[in-house]
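S.K.: just to be clear, the model below is a prediction. Sequence and coordinates:
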Amino acid sequence: MNKPLLFIPFALFMVLVGVFFVQLGKNAEGDDPTKLESVLVGKPVPEFRLEDLAQAGKLYDQDIFKGEPLLLNVWATWCPTCYAEHTYLNELAANGVKIIGLNYKDDRVKAIGWLNQLGNPYLISLFDGNGMLGLDLGVYGAPETFLIDANGVIRYRHVGDVNDRNWNDKLGPMYEQMLAEAKG
């Protein structure tokens, strides 16, 4: 057999690997890996009934997302990036940003201890132990943050940590716009 013919399968394999590698770095928006398309953008938060993280038996539903713009932050104690963003979320909350937490597929006792130790930026902390609301939201993992308007409609989905850069560049201006819209 001709030796150059042996390299054709290898060359085809390398081309295929290159195509996959390029596509892994892209999404529907192009180059921003923190922006994943969500079929829920422009739609209300899915219906749910979840317990409060700290007060088992106290139930909330999707109506908690109506009345004022806010963030829904999906987090867990097993998530190192959540730990990294937590200080910044505390700063945002101290500056008046309304945040609801969704504790995702986590241990309730560990999560309560985390908030007691690191501070609690959340107006309400929902406990999604089985991950069903996260599944309905299309969550891939933690952290993810959703911007939700005063009507309970999801306006934007951010994958990854919330930090000074992405807050100032994208999330903060969108939040301020939602506040202005809510005031009329």
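M.R.: Nice, thanks for sending it over.
S.K.: which ones are touching the spatially most central residue of the chain?
M.R.: Centroid-nearest residue in the chain, with CA atoms, centre = their mean: Glu144, separated by 1.3 Å. For Glu144, the contacting residues are 73-74, 137, 157-160, by CB atoms under 8 Å, 6 or more residues apart in numbering. For every residue, glycine as well, the C-beta is placed using N, CA and C.
S.K.: those: which two are farthest apart?
M.R.: By the measure CB to CB, Leu137 and Gly160 form the most distant pair in those, at 15.3 Å.
S.K.: going on from the lowest-mean-pLDDT helix or strand in the chain, what's the next piece of helix or strand?
M.R.: Sorting the helices and strands of the chain by mean pLDDT, DSSP states H and E puts helix 3-24 at the bottom, at a mean of 61. Under the assignment DSSP states H and E, the closest C-terminal helix or strand after helix 3-24 is strand 49-52.
S.K.: which strands and helices sit next to that next one?
M.R.: Where contact means 3 or more CB pairs under 8 Å, 6 or more residues apart in numbering; DSSP states H and E, strand 49-52 is packed against strand 59-61, strand 124-128.
S.K.: can you show me the CA trace of that strand as CSV?
M.R.: Extracted in CSV, the C-alpha atoms of strand 49-52 (Å, rounded to 0.1, in the frame of the first residue of the first chain):
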residue,chain,number,x,y,z
ARG,A,49,-43.4,25.8,44.2
LEU,A,50,-40.2,25.6,46.2
GLU,A,51,-39.3,25.8,49.8
ASP,A,52,-37.3,28.6,51.4
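S.K.: for it, list every residue counted as buried.
M.R.: 50-51 (16 or more other CB atoms under 10 Å).
S.K.: now it, how far from the centre of its chain.
M.R.: Offset of strand 49-52 from its chain centre (CA atoms, centre = their mean, to the nearest Å): 18 Å.
S.K.: so what strands line up beside that strand?
M.R.: When pairing is defined by DSSP bridges, strand 49-52 lines up against strand 59-61 (antiparallel), strand 124-128 (antiparallel).
S.K.: shaky segments in this structure?
M.R.: 1-7, 9-38 (pLDDT under 70).
S.K.: sorry, back to before: and Leu137 and Gly160? Which one has more around it.
M.R.: Taking other CB atoms under 10 Å, Leu137 and Gly160 do not tie; Leu137 has more neighbours (23 against 18).
S.K.: I figured the more buried one hits Leu40, correct?
M.R.: Yes: counting by CB atoms under 8 Å, Leu137 touches Leu40, with 6.5 Å between them.
S.K.: and for those two, which residues touch both?
M.R.: With CB under 8 Å, 6+ apart, Leu137 and Leu40 have common neighbours Pro46.
S.K.: now the element after the host helix or strand of Phe146, going C-ward?
M.R.: Take DSSP H and E as the rule and Phe146 turns out to sit in strand 144-148. Tracing the chain past strand 144-148, the next element assigned as helix or strand by DSSP H and E is strand 154-159.
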